[in-house]
Structures are given as C-alpha cells and as structure tokens.
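A.B. asks: sequence unknown, structure follows:
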C-alpha cells in the first residue's frame, strides 16, 4: 500500500507541476481514480511534508482546487533568474476598487462607480491586467454589463484559500466608514 501512495503522490506532483495552475480536486480525483476524501488526505500529507522539509515548493489550496507553487521566501531569487517584474503595487484607488469587487462580487463597473463616486475604468483595467479580478459573466439587463469577480491570483496574493477567510465587515464598521467618508468630503469642500 505504501508503494501505491508514493506512486500516487508522484503522479499528483507531476500533474500539478506540469499544469502550473490550480486544478479542481474533484477533477484530479477522477483522473487518479480516487475518492475525493482519499485524495484530500494524500494532498494534506504531501502539503505537511513540503512544509516540514526545507523545500522550494509547497501545495496551496484555493477553495476547491489545489496548486503546486514556489514558496514566497524564494520570490526574490526567482525574479533574478526569470527577470520578472516585482509585484505590482496597489494604489489606494486600486485597493478600494478591489475591496468592492471582493465583497460585492459579482459586480458591474457601474455598481463599483456608484459606491466609489468616481470613474473606475482605469482601476478595473489595471486589476484585470494584474489578474486580480476577471470577467465572470454578464448581467441580464439592458446593455448586458460585464460582471467582475476576484481570481485565484487574488486569493494567492492576499494569502487566503477562500473568500470565507476575508474579514467580516460588521454594520457598525460600515457606519464608521461612512462617517470617515463624510468627514473627508467635508474637509475637501471646506478647503
């Protein structure tokens, strides 16, 4: 049995490495002819092994998918080898727009602009370029506006495995945000 587990782990490693993107657990179980629960245990064991050893890779769970990724501590070395640009810096405008998408998704550009009170075309285009948000469909309304939602890159970038891990915004916190916004508007008007 141990030899079979080692063979399955090697197959999982080969698949995840070759694909390079997250793979749905159910699809992976089907390909490997395993029950999802058995596959989950094997992946958990692999993830623990990678965590315990001084390895350059680790297994990341993203909602109902799994991916083989390099460890963050090697990012600087990788950028030198691959000549990748440093991580994108998110301006306040981009963060505000991204927050709205994360908490209200799926959401249209018009809805985002109604919340922010300013045009968000540039911010949305940048977030799509950075692969933090993507088109997830179209609203069944006049003009069929694009609906935006967050991506797996968003989850990876913010170190969460699912949207459920995002902080909950309580009604009193929303009121605090509204008050701060009103004060900011008053300050701008008085100047």
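C.D. replies: That came in fine, so what should we check first? Worth saying up front: this structure is predicted, and the values here are computed from it rather than measured.
A.B. asks: What mean pLDDT does stretch 171-183 get?
C.D. replies: Across stretch 171-183, the average pLDDT comes to 70.
A.B. asks: shift numbering so it begins at 10
C.D. replies: Noted, 10 is the first residue going forward, which turns the last one into stretch 180-192.
A.B. asks: Neighbours of residue 185, how many?
C.D. replies: For residue 185, the neighbour count with other C-beta atoms under 10 Å is 12. To be clear about C-beta, it is placed using only N, CA and C from the backbone, and glycine gets the same treatment.
A.B. asks: where does the protein dip in pLDDT?
C.D. replies: When residues are selected by pLDDT under 70, those of the chain lie in 10, 90-96, 183, 186-187, 190-191, 193-200.
A.B. asks: how's it carved up into domains?
C.D. replies: In terms of domains, the chain is parsed into 11-85, 101-199 (source: automatic domain parsing).
A.B. asks: I'd guessed residue 79 sits against residue 86; true?
C.D. replies: No. At 9.3 Å, residue 79 and residue 86 do not qualify as touching, with contact defined as C-beta atoms under 8 Å.
A.B. asks: Residue 70 in helix, strand or coil?
C.D. replies: strand (DSSP: H, G, I helix; E, B strand; the rest coil).
A.B. asks: ok, for residue 87, nearest residue in space, not its chain neighbours?
C.D. replies: Excluding the flanking residues, the one nearest residue 87 by C-beta to C-beta, 6 or more residues apart in numbering is residue 79, at 6.3 Å.
A.B. asks: what sits opposite that neighbour in the beta ladder?
C.D. replies: residue 66 (DSSP bridges).
A.B. asks: What's the local residue count around it?
C.D. replies: Counted with other C-beta under 10 Å, residue 79 comes out at 13.
A.B. asks: and the gap between it and residue 88?
C.D. replies: Distance, residue 79 to residue 88, by C-beta to C-beta, to the nearest Å: 11 Å.
A.B. asks: picking that back up, got the contact list for the residue nearest to residue 87?
C.D. replies: Each residue near residue 79 by C-beta atoms under 8 Å, 6 or more residues apart in numbering is listed here: 65-67, 87.
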